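K.L.:
Need coordinates for the following:
(2 chains)
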Amino acid sequence: MTQETRDSLPAYAVRKGNEYGFDDIIAQLIYSQEKQIKFANSDIALSSEWQNRHMGLFLAQKKKLLTTTIENPTKTKILHTLHQAKKQISLIATKQDYHGIGTGGSYDTYSYDKDMIHQDEELLSVTKMVIDTGNEYAPEVAGVLRVGQEEVTLCSSNNVHAEDKNSWITLSVRALGTDSSGHGVQAARTMKQFHPLKAARKAGIIARDAASPQGIEKGKYTLILDPLSLANLVSQFIDFSSIFSIESGFSCLIGKLGQRVAHEKIHLFDDGRHPQGIHTQKFDAEGTPTKKTPIIKEGILKNYLHNVSTARKYGTESTGNAGLIAPHPWTGVLAPGDRKKEEIFNDAVHALYITNVWYTRFQNYLTGDFSTIPRDGAFIIHKGDMVKSVHNIRISDNLQSIFAHMEILSDTIEQIYWWETEVPSFVPYAVVKNVNITTSMD
Amino acid sequence: MDEDIAEYALDTAQKSTDWAEIRLLSSRENSLLWKNGSLENVSFFDQDGLSIRVLIDGAMGFTSTNILTKKTVNHMVAKAIKMAKAQDKKKPLSLSKEKTYSTKWVVHPKKDFPGITEKISLLQNIDDVLKDMDNVQARFYQIEDSTQKKLYLNSEGAHISSLVPYLSFFYLLSIGSNTESQQITRQFGNTGGWEFIHEWEVAEKISHDATVLNDLITKGHKPPRGCVDFVLGPAITGLIAHESCGHPFEADRINGRESAQAGKSFITPHMVGQRLGTPLVTIIDDPTIPASYGHYQYDDEGVKAHKRLLIKEGIINTFLHNRETGYLMAEHSNASSRASSFDSEPIVRMSNTYMAGGECSLEELCEDIHLGIYMASYMEWNIDDTRYNQKYVGSESYLIQNGKIGPLIRQPTLEITTPCLYQSIDALGKEIDFFAAICGKGDPMQGIPVWTGGPAIRLRNIRIT
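P.N.:
Numbers count the residues shown, from 1 in each chain, chains lettered A, B, ... in the order given. Next up is the predicted model:
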């Protein structure tokens, strides 16, 4: 694809959209390339590559809204789509609480590694080193190494013309013993920021130490949450702060602006501009510059995440979180605390260290009642020692209560992103008191 | 759909590979979102793309693109070959030998999908059933239809084209106040046309749910503790069949291929023939059920679909296989390979997984229960990554006392291991119901339409603490 083609298609879509009589038009052209090496049983299972080009279109006419996507767009396809959209939008009911799109702004630039996607031999070499490192501790290693880049061009009827380039590399690696496992992840925007063997080593050590797990009694425990497990909960919490989740009933933060929703030591942000964030972008889907938005400050809920329309509806400003349909978070950042990781473990008295969780499900999004299942190593910790490896347990509690009892945080944070953490999140180790642990009848 | 580009891709790929396949997909999807009494968004989406999978010296390469030009296809074929050759695999993989088909299959809608006006009218009518309730906190509906045209080709001569329409509906209903609330979600789905929108009786169900959630707030009792019997409604039986039988019987899990994400299985290859449940427990996965949400006639490796008996009268009978696991375990594929879109690799998936029924009415299941719980629907559930340790929390649930279904109870919890669950079943209902769901697996994540199903079942002597 030539530079001329990339530049002209979104502008063409906006110009033609104007001619069709649409009031607000956003055309977002994305050209993406991704490569992935999937490995299992300490061997490569599949090597994959994707190349795709598509254009997202947002169209509004007299408060009637329509979105569509055009695969591999051409001017002919754009005209055809606008023609279809014109016919459809006339039949749509108005959205009375729609209040327009953004007007753009000035954008910062973030790190971009244009070479990473082409380093096939390096990616293969990294994969083999990850497997070998995990195998130093456990007989079986599995995971996914993925690298990607995208070029984004966005034009709108509010004279926005913006361009962005992003790159990312992620690793999810699991080491498995006969009755144990451990997990490690890495996520970065450039190869220089990427430390795959650290993740492999962590997965291997947890798998090794978690051998011969035992059951424990259900009841209340003090938890030490590894960043991998905490990120799962932070990802949920920050998704709940989107105004779309609030209005739809998918959140326990409804009606709580200005109220205490977490321990006073909790400061949680959505950061679309984090220099290392793999979802960091210059601008959102309507061209508003991305921001760092405080969600929780000293335990108090401060903001919901908005696009321009929802911000105007609620008398506030866009937080730069627009998607083509609804606002969404970019990256969760839970500010670090003041404890060294070693202090947290050394000070623990019969605490339960959870290295990873999955399958987080809510009984009631409005109340935050939920459960999630620890997977990979879990350990009883007493004054710095791993007293025993445990299994077959479940965290059955309330999400807001978990954050209310999160009293201690470590002084460093790391980016977590994998299958079970959809919103990349920078999080520390955390100590949470009085958490309900349940077990299964067997 | 440009079938020539698929043929071109196969011709190019098979020249220098041991085996190659092409999947070309063209689809039109329409979606309406409705939130709190008004239309939130309308969207339509045309999808066109293909994937290329090649096998060279026991190594697999996969590429995909929506740029359907010969230049890009040439590039992507070359990339698939290059990546496969570079792997230097320790243990080469291969594919089971299967019969090759050249055919076409179509699901014919009885009623075409309507335009936007009729869909908006439907959403308004559904929403109207709640207009007299003053404690509806939020409601969110989504209706989607799509028509997927697919062409599958492989270097063994397979040439299978298909045309399948899908219709689905989802809702989340929130009832209550700032101090107390209840929620429920429901999903509906079929392969077929607009005819199913009326069969689902969405308005009736949302009205029923609103009443039950309100009653749970105003009249719901605490669930009993101690040793009780459970009667689980078909919705929960279906979920159990899917989560703790279908998933652990996926042969790719059993062999560790998904262990980094979806996990492994407490089932091991040598467990075929072992008892897992009482003789009443028979669980089936069947993609051939007409109009089902998980219906297909040929899987995404071109293997002809048929019914699979996973557990037969309590005994582990067979696993779900694609051609890779079929070869690995010296068996055949049983047509369990599915991909959620053109850019996804086909992996082992369920279709419509259900427990076979018995002979009892609901009243008969309850009649000799002294103290028990009837769980008709659920909201929260989860299961560990070996599919052993699971939890189901009831939404619409009732106390059973002295053989009779009594008052509503709030959020009873069944937390139990898979063997314990299947060994506690002592009676089955005679009516089987099916429920639509989107099952997630793979990396990148692939959501795929399935049905879960079964009868009401009775579990004896369950400890609730």
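
K.L.:
Tell me the buried residues in the helix or strand B:Ser161 falls within?
P.N.:
According to DSSP states H and E, B:Ser161 maps onto strand B:159-176. Using 16 or more other CB atoms under 10 Å in any protein chain shown as the test for burial, strand B:159-176 gives B:159-162, B:164-176. Yep, even glycine has a C-beta here, placed from its N, CA and C like the rest.

K.L.:
which stretches of the stretch 251-400 of chain A have low pLDDT?
P.N.:
Of all residues in the stretch 251-400 of chain A, none has pLDDT under 70.

K.L.:
can you pull out the helices in it?
P.N.:
Here the stretch 251-400 of chain A has its helices, by DSSP state H, counting those that start in this stretch, at A:308-313, A:341-347, A:399-404.

K.L.:
for the stretch 51-200 of chain B, same thing?
P.N.:
B:70-86, B:116-128, B:196-199.

K.L.:
Any chance you could list what contacts the longest one?
P.N.:
Which is helix B:70-86. A:47-49, A:51, A:120-121, A:124, B:5, B:8-9, B:12-13, B:16-17, B:50, B:52-57, B:59-65 (CB atoms under 8 Å, 6 or more residues apart in numbering or on different chains).

K.L.:
sorry, back to before: from the buried residues of strand B:159-176, which are also near chain A?
P.N.:
The overlap between these and the neighbours of chain A (CB under 8 Å from any CB of the partner chain) comes to B:172-174, B:176.

K.L.:
By pLDDT, rank these and give me the bottom one.
P.N.:
The weakest per-residue confidence within those falls on B:Gly176 (93).

K.L.:
Ranking the helices of the stretch 51-200 of chain B by mean neighbour count, which comes first?
P.N.:
helix B:70-86 (a mean of 19; mean count of other CB atoms under 10 Å in any protein chain shown).

K.L.:
Mean confidence (pLDDT) on it, please.
P.N.:
Here helix B:70-86 scores 97 as its mean pLDDT.

K.L.:
Distance from that helix to the middle of the chain?
P.N.:
Centroid separation for helix B:70-86 versus its chain: 33 Å, with CA atoms, centre = their mean, to the nearest Å.

K.L.:
roughly how far apart are whichever residue of the stretch 201-350 of chain B sits closest to chain A and A:Asp209?
P.N.:
Across the stretch 201-350 of chain B, the shortest distance to chain A (CB to the nearest CB) belongs to B:Ala260, at 4.0 Å. Applying CB to CB, to the nearest Å, the value for B:Ala260 to A:Asp209 is 19 Å.

K.L.:
The two - which one has more neighbours?
P.N.:
Neighbours around B:Ala260 and A:Asp209, counted as other CB atoms under 10 Å in any protein chain shown, are more numerous at B:Ala260. The numbers are 27 against 16.

K.L.:
In the stretch 351-465 of chain B, mark out all the strands, start to finish.
P.N.:
Listed in chain order, the strands of the stretch 351-465 of chain B (DSSP state E, counting those that start in this stretch) span B:352-355, B:371-375, B:378-383, B:389-394, B:397-401, B:404-408, B:413-417, B:425-428, B:433-441, B:446-454, B:457-464.

K.L.:
which of the ones you listed is buried the deepest?
P.N.:
strand B:352-355 (a mean of 28).

K.L.:
Which positions in the stretch 101-250 of chain A make contact with chain B?
P.N.:
Counting by CB under 8 Å from any CB, the residues of the stretch 101-250 of chain A close to chain B are A:120-121, A:124, A:140, A:142-144, A:172-174, A:176, A:181, A:183, A:218, A:247-250.

K.L.:
Could you pick out which of those are located in strands?
P.N.:
Cross-referencing these against strands under DSSP state E gives A:140, A:142-144, A:172-174, A:176, A:181, A:183.

K.L.:
Redo these as a markdown table? Include pLDDT.
P.N.:
A markdown table is the format used below for these (pLDDT from 0 to 100):
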| residue | pLDDT |
| --- | --- |
| A:Glu140 | 98 |
| A:Ala142 | 98 |
| A:Gly143 | 98 |
| A:Val144 | 98 |
| A:Ser172 | 98 |
| A:Val173 | 98 |
| A:Arg174 | 98 |
| A:Leu176 | 98 |
| A:Ser181 | 98 |
| A:His183 | 98 |
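
K.L.:
Now for A:Ile373: which residues touch it?
P.N.:
Counting by CB under 8 Å, 6+ apart, A:Ile373 touches A:357-359, A:393-395, B:382-385, B:389.

K.L.:
Residues in a beta bridge with it, which ones?
P.N.:
A:Trp358 (DSSP bridges).

K.L.:
Over to B:Val393?
P.N.:
B:Thr413.

K.L.:
Looking at the helices of the stretch 251-400 of chain A, spot the one closest to A:Ile131.
P.N.:
A:Ile131 lies closest, by CB to CB, to one member of the helices of the stretch 251-400 of chain A: helix A:341-347, at 26.8 Å.

K.L.:
so A:Ile89 sits right up against A:Thr68, yeah?
P.N.:
No: using CB atoms under 8 Å, A:Ile89 makes no contact with A:Thr68, being 10.5 Å away.

K.L.:
any common contacting residues for these two?
P.N.:
Common contact partners of A:Ile89 and A:Thr68 (CB under 8 Å, 6+ apart): A:Leu59.

K.L.:
where does the stretch 1-150 of chain A dip in pLDDT?
P.N.:
A:1-7.

K.L.:
Show me where it has its strands.
P.N.:
Assigned by DSSP E, counting those that start in this stretch, the stretch 1-150 of chain A shows strands spanning A:24-40, A:43-61, A:64-71, A:140-156.

K.L.:
Put together a markdown table for the ones you listed, with mean neighbour count on each row.
P.N.:
Formatted as a markdown table, the strands of the stretch 1-150 of chain A follow (neighbours: other CB atoms under 10 Å in any protein chain shown):
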| stretch | mean neighbour count |
| --- | --- |
| strand A:24-40 | 22 |
| strand A:43-61 | 23 |
| strand A:64-71 | 21 |
| strand A:140-156 | 23 |
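
K.L.:
before we move on, back to that, identify whichever of the helices of the stretch 251-400 of chain A lies nearest to chain B.
P.N.:
So among the helices of the stretch 251-400 of chain A, helix A:308-313 is nearest, using CB to the nearest CB, at 11.3 Å.

K.L.:
check which helix or strand covers A:Leu409.
P.N.:
Element membership of A:Leu409, judged by DSSP H and E, is strand A:406-409.

K.L.:
buried set for that strand?
P.N.:
In strand A:406-409, counting by 16+ other CB under 10 Å, buried: A:406, A:408-409.

K.L.:
With stretch B:305-324 instead?
P.N.:
Applying a neighbour-count criterion of 16+ other CB under 10 Å, one finds B:305, B:308-311, B:314-324 buried in stretch B:305-324.

K.L.:
For residue 94, which non-adjacent residue is spatially closest?
P.N.:
Because you didn't say which chain, this covers chain A. Nearest residue to A:Thr94, sequence neighbours excluded (CB to CB, 6 or more residues apart in numbering or on different chains): A:Lys63, at 4.3 Å.

K.L.:
should've been chain B
P.N.:
B:Tyr327 (4.8 Å).

K.L.:
still on that earlier bit, and the ones in strands among the residues of the stretch 101-250 of chain A next to chain B, which is closest to A:Glu163?
P.N.:
Using CB to CB, A:Val144 is the member of those that sits closest to A:Glu163, with 29.5 Å.
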